[in-house]
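Novice: Please find the sequence and the predicted model below.
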Amino acid sequence: MNILQIEPATNFSGGANQMLLNSFELKKRGHRVYAACVKDSPVYKILSDKSFDIVEIDEGKKYFSAQIIRNFLKNNSIDIVHTHHSKGHTIGILSLIGRKKERLVVQRGVIFPTANIFKYWNPRVDKFIANSKAVKNVMKRYFVRANKIAVVYSAVDEKEFANFHRDAVRSEFDFRDKFVFGIVGNYSDYKGHDMLLEAFSRIKNKNILLVIIGKDTEKLAKKTQQLKIDDKVRILGFRKDARKIIKGFDCFVVPSLKESFPNAVIEAFFMKVPVVGTNVGGIPELLGSDRGILCKPDANALKDALVKALNSDLKQLINNAYKFANDNLTIEKKIDRLEAIYKELI
């Protein structure tokens with residue numbers, strides 16, 4: 001198959017990483033993969049280094065970008081156009097107005113309400129890909145037909161974690177004598193950082209440490225002082241090596257108030273780090289069936305879940321999570337499902 005992926009994002013995100021993983025695995029399987037992306041964006045730089053064919057677009061100029069893609073489609077035989085990001089959705093629809101050959105696949109990986117519901121009713125979209133059942137349910141509330149939505153879970157390349165060693169990480173970051181809870185996520189009002197600090201402050205144990213990684217998390221320093229836990233909280237801010245640091249945690253925490261399908265949980269599964277998470281969005285799809293510890297999204301419930309992780313033998317939970325990840329969340333399993341959808345469409 002000949003596949004064009006549209007990714008107009010100018011920053012790196014979980015969604016952009018999924019687009020890259022798709023591209024690498026599809027190309028590995030013999031498909032011709034093109035990418036429409038913004039020059040000098042992280043996606044552009046990575047794919048350029050891997051010798052992918054690139055169509056340069058402009059994130060801020062949807063009609064201009066759509067015309068560039070239309071010209072590309074006139075001169076190349078493309079079977080599938082797969083869009084990523086909300087702007088990619090719009091550009092994809094505009095690119096294919098009046099064209100019948102290409103099948104349009106739209107990725108949806110967030111749980112928030114859409115700003116433009118009419119994009120989801122556009123008949124030119126052949127299939128929506130939701131990264132969780134929770135996202136599919138949100139789309140159904142937009143009156144998108146269920147048979148037009150396929151759930152394809154996000155995935156990771158587990159081979160990337162092979163060289164991460166727990167003892168080395170714990171030594172490097174001086175975790176050795178503590179039970180380490182950790183969170184990885186950019187600071188925002190829906191990621192639950194403040195609630196996690198409240199919950200953590202209620203645990204009466206001197207040998208615990210909370211490690212916080214993510215952009216803008218330095219804003220939490222004042223609250224740790226107010227709660228008198230600044231000596232037990234370490235804020236590392238944005239780290240390119242965040243995934244390596246997860247390997248040194250005793251428990252990974254996802255205290256989100258809204259969430260679709262957190263990729264970092266998948267990474268924790270493969271690194272055999274147990275996970276505590278709130279029962280919102282797609283998190284129960286990951287942590288259900290005794291693959292993690294679920295709780296309500298409030299400070300008292302989260303505190304109880306953290307204490308449970310601290311005082312329990314979690315070996316069976318870890319094994320269940322690892323097996324689920326191997327059976328469902330590898331990039332090979334993801335592309336198996338994606339290929340089947342593509343073939344059905346064409």
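Specialist: Okay, I see it. Note that this is a predicted model, so its numbers are computed, not measured.
Novice: Run through who's touching the least confident helix or strand in the chain by mean pLDDT.
Specialist: Ranking every helix and strand in the chain by mean pLDDT, DSSP states H and E puts helix 118-121 at the bottom, with a mean of 90. Residues outside helix 118-121 that contact it (CB atoms under 8 Å, 6 or more residues apart in numbering) are 89-90, 93, 114, 125, 128, 139, 142-144. C-beta here means a position set from N, CA and C on the backbone, and glycine is covered the same way.
Novice: ok, now which ones touch the residue lying closest to residue 239 once chain neighbours are set aside?
Specialist: Of all residues not flanking residue 239 in the chain, residue 213 sits nearest, at 5.2 Å (CB to CB, 6 or more residues apart in numbering). By CB under 8 Å, 6+ apart, the contact list for residue 213 reads 182-185, 236-239, 242, 245.
Novice: try residue 199
Specialist: Contacts of residue 199 by CB under 8 Å, 6+ apart are 255, 299-300, 302-303, 306.
Novice: Mind giving me the PyMOL command for buried ones among the residues you listed?
Specialist: Here is the PyMOL command that picks out the buried ones among the contacts of residue 199, judged by 16 or more other CB atoms under 10 Å:
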select buried, resi 255+299+302+303+306
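Novice: From the contacts of residue 213, which land in helices?
Specialist: Among these, the residues falling in helices (DSSP state H) are 242, 245.
Novice: Now, of the contacts of residue 213, which are buried?
Specialist: For these, a neighbour count by 16+ other CB under 10 Å gives the buried set as 182-185, 236, 242, 245.
Novice: ok so, going back, which pair in the contacts of residue 199 spans the largest distance?
Specialist: Farthest-apart pair in those is 255 and 300; separation 12.6 Å (CB to CB).
Novice: What is the nearest of the contacts of residue 199 to residue 5?
Specialist: Nearest to residue 5 among those is residue 255, at 32.3 Å by CB to CB.
Novice: Please name the spatially closest residue to that closest one (chain neighbours excluded).
Specialist: Residue 255 sits nearest to residue 192 (CB to CB, 6+ apart), 3.2 Å away.
Novice: How about residue 11?
Specialist: Once flanking residues are discounted, residue 11 sits nearest to residue 42: 6.9 Å by CB to CB, 6+ apart.
Novice: Pull the contacting residues for that neighbour.
Specialist: Residues near residue 42 by CB under 8 Å, 6+ apart: 11-12, 16.
Novice: Could you dump these into CSV and include pLDDT and neighbour count?
Specialist: Output for the contacts of residue 42, formatted as CSV (pLDDT from 0 to 100; neighbours: other CB atoms under 10 Å):
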residue, pLDDT, neighbour count
11, 88, 10
12, 86, 15
16, 91, 20
